[in-house]
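1. here are the coordinates; sequence isn't available:
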């Protein structure tokens, strides 16, 4: 059990500018965000993004200490689960009547490492300017942690009778990628504490446009994560003697072939329904490309998918298994031909795809006996999509009709991968319900100058509070 921040240390933190109280004002859509809910959520956001929890190495205990101290102050029981030096996760529970099974609120406290030299401001010194908060984790995913903490504490203070427990999980090591999920480790050890009927977490896509919410895409399914490793072998020797079996050259050709490869397009029922909705929204060029996909005959679908990719890579990725080069290494000296080289490519497979069949197809694309291809062991494929007819999904729709009138709510298959699969595999009905981001904001996630619109964040805190109350409060 890690110690929470207390006494002089915590008092010192509170005196920092990071914890400055911010007045809440009108939120998006002309609605007024609850003054204390909005100001406290912003306070939590600034505090959490000031903590360097880059993974690797993690150091998520810094964020857990902050969360634990705040929960202790409100009298909300919280358990800290340490799994390595300086690394821990937190589970808090607000008790209800237990007439219904719990609602789980999930966020992660680690962030991808920034490259400070590329940032306009230090990534772990939150800066508010022009209506935005700039900091690593502002969008992914500390804004969600901050909003969930604020919603939980305000629900506790309200004293309202609850029909189910609300459980808050702030977990570590989400950004490590791959199949070895920290959440699986937690579920093995704390499975009973995390049993739930519903869960809300990241993975969706709430579109922020012209200062308001334009769409709420609720993640109900996602692709499967797969790391593919290419290894080439050849003769080593002096670089002055060109060799046909140069391992670096063989690897480069294999990577190029896979980069240019397009898997066969597949229009699944979920993606078809999503594209039907999108065919009447957004840019005219994108709408036209979507309609071409929807109207394509089987032998025309690949060409239509290529056309969609030309105007919307995000939507096109929903139609195919994808593979992208991410790492490459080989050699140790400029004038020495190495005997081997290696590359890593990251694949994302459509629901239902069989990894072994995908790997066999890639081997035919590479078509080079000097290059071996293998996949890192992967977790079990994610289960089928979460249905969009549950009490929680209806609560999302009802809350949206008030907080974002006119903004369509729709099921969404994420082309990325989250921890939702681990919970879905245990029978939890999981929805990804993200903070609102514009296209520009979204392009900064995992990149430089990450930011979130403060008006969008205020809206999200209020929206999340409304959703939680609809399913947890009598």
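-> Received the coordinates, thanks. All values derive from a computational prediction rather than experimental measurement.

2. quickly list the domain ranges of the chain.
-> Following automatic domain parsing, one finds the domains of the chain at 7-222+384-472, 224-375.

3. read off the pLDDT value for the closest residue to residue 339 other than its chain neighbours.
-> The shortest distance from residue 339 to any non-neighbouring residue, by Cβ to Cβ, 6 or more residues apart in numbering, is to residue 236 (4.0 Å). C-betas here are computed from N, CA, C, even on glycine. On pLDDT, residue 236 comes in at 95.

4. number of nearby residues for residue 236?
-> By other Cβ atoms under 10 Å, 15 other residues sit near residue 236.

5. show me what contacts it?
-> Neighbour list for residue 236: 336, 337, 338, 339 [criterion: Cβ atoms under 8 Å, 6 or more residues apart in numbering].

6. could you dump these to TSV with pLDDT and distance to residue 171?
-> Converted to TSV, these look like this (pLDDT from 0 to 100; distance: Cβ to Cβ, whole Å):
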residue	pLDDT	distance to residue 171
336	95	45
337	94	46
338	96	40
339	95	42
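
7. just the buried members of these?
-> Buried by 16 or more other Cβ atoms under 10 Å: 337, 338, out of these.

8. now, which of the contacts of residue 236 sits nearest residue 117?
-> residue 338 (30.0 Å; Cβ to Cβ).

9. torsion angles phi and psi at the closest one?
-> Dihedral pair for residue 338: phi -80, psi 160, per degrees, to the nearest 10.

10. buried deepest among the domains of the chain, which one?
-> Compared across the domains of the chain, domain 7-222+384-472 shows the largest average neighbour count, a mean of 20 (mean count of other Cβ atoms under 10 Å).

11. report the distance from that one to the chain centre.
-> 11 Å (Cα atoms, centre = their mean, to the nearest Å).

12. show the contacting residues for residue 322.
-> Residue 322 touches 263, 347, 348, 415, counting by Cβ under 8 Å, 6+ apart.

13. for it, name its beta-bridge partners.
-> With DSSP bridges applied, residue 322 shows beta-bridge pairing to residue 348.

14. hang on, the earlier thing: now the contacts of residue 236 in TSV, please, with extra columns for secondary structure.
-> Listed next are the contacts of residue 236 as TSV, based on DSSP: H, G, I helix; E, B strand; the rest coil:
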residue	secondary structure
336	strand
337	strand
338	coil
339	coil
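
15. wait, which of the contacts of residue 236 is closest to residue 422?
-> Distance to residue 422, by Cβ to Cβ, is smallest for residue 338 among those, at 39.0 Å.

16. and the closest residue to that closest one other than its chain neighbours, how far is that from residue 258?
-> Using Cβ to Cβ, 6+ apart and skipping the chain neighbours, the partner closest in space to residue 338 is residue 331 (4.2 Å). As for residue 331, its distance to residue 258 is 21 Å (criterion: Cβ to Cβ, to the nearest Å).

17. need the nearest residue in space to residue 101, chain neighbours excluded.
-> Closest to residue 101 by Cβ to Cβ, 6+ apart is residue 197, at 3.6 Å.

18. got the confidence number for that neighbour?
-> Looking at residue 197, its pLDDT is 98.

19. now do the contacts for it.
-> Applying Cβ under 8 Å, 6+ apart to residue 197 gives the contacts 100, 101, 102, 103, 164, 428, 429.

20. same check, this time on residue 53
-> Residue 53 sits in contact with 59, 60, 62, 63, 109, 110, 111, 137, where contact means Cβ under 8 Å, 6+ apart.

21. may I have the beta-bridge partners of residue 222?
-> residue 414.

22. isn't residue 325 right next to residue 342, touching?
-> No: using Cβ atoms under 8 Å, residue 325 is not in contact with residue 342; the gap is 11.6 Å.

23. what's the overlap in contacts for those two?
-> Common neighbours of residue 325 and residue 342, using Cβ under 8 Å, 6+ apart, do not exist here.

24. for the longest helix seen in the chain, what is the average pLDDT?
-> Longest helix in the chain, counting residues (DSSP state H): helix 454-472. Per-residue pLDDT over helix 454-472 has a mean of 97.

25. wait, residue 253 touches residue 368, no?
-> Yes: counting by Cβ under 8 Å, residue 253 does reach residue 368; the two are 6.9 Å apart.

26. local confidence estimate at residue 8?
-> pLDDT for residue 8: 34.

27. quick one on the thing from earlier: ok, now which ones touch the residue nearest to residue 338?
-> Residue 331 touches 248, 337, 338, 341, counting by Cβ under 8 Å, 6+ apart.

28. go on, residue 237?
-> 243, 336, 337 are the contacts of residue 237 under Cβ under 8 Å, 6+ apart.

29. distance check, the last one against residue 301.
-> Here the distance between residue 337 and residue 301 works out to 44 Å (Cβ to Cβ).

30. can you check the first one too?
-> Separation of residue 243 from residue 301 (Cβ to Cβ) stands at 43 Å.

31. now what about stretch 120-130, what contacts it?
-> With Cβ under 8 Å, 6+ apart as the criterion, stretch 120-130 contacts 18, 45-46, 49-52, 114, 116, 133-136, 138, 448-450, 454.

32. which of those residues fall in helices?
-> Among the contacts of stretch 120-130, the residues falling in helices (DSSP H) are 45, 46, 49, 454.

33. mean pLDDT for the domains of the chain: which is lowest?
-> Taking the mean pLDDT of the domains of the chain, domain 7-222+384-472 comes last: a mean of 90.

34. follow-up on the earlier one: and which of the contacts of residue 322 is nearest to residue 223?
-> For the contacts of residue 322, the nearest to residue 223 is residue 348 (4.0 Å; Cβ to Cβ).

35. wait, isn't that closest one in contact with residue 413?
-> No: with contact defined as Cβ under 8 Å, residue 348 and residue 413 do not form a contacting pair (10.9 Å).

36. what is in contact with the two at once?
-> In contact with both residue 348 and residue 413: residue 223, using Cβ under 8 Å, 6+ apart.
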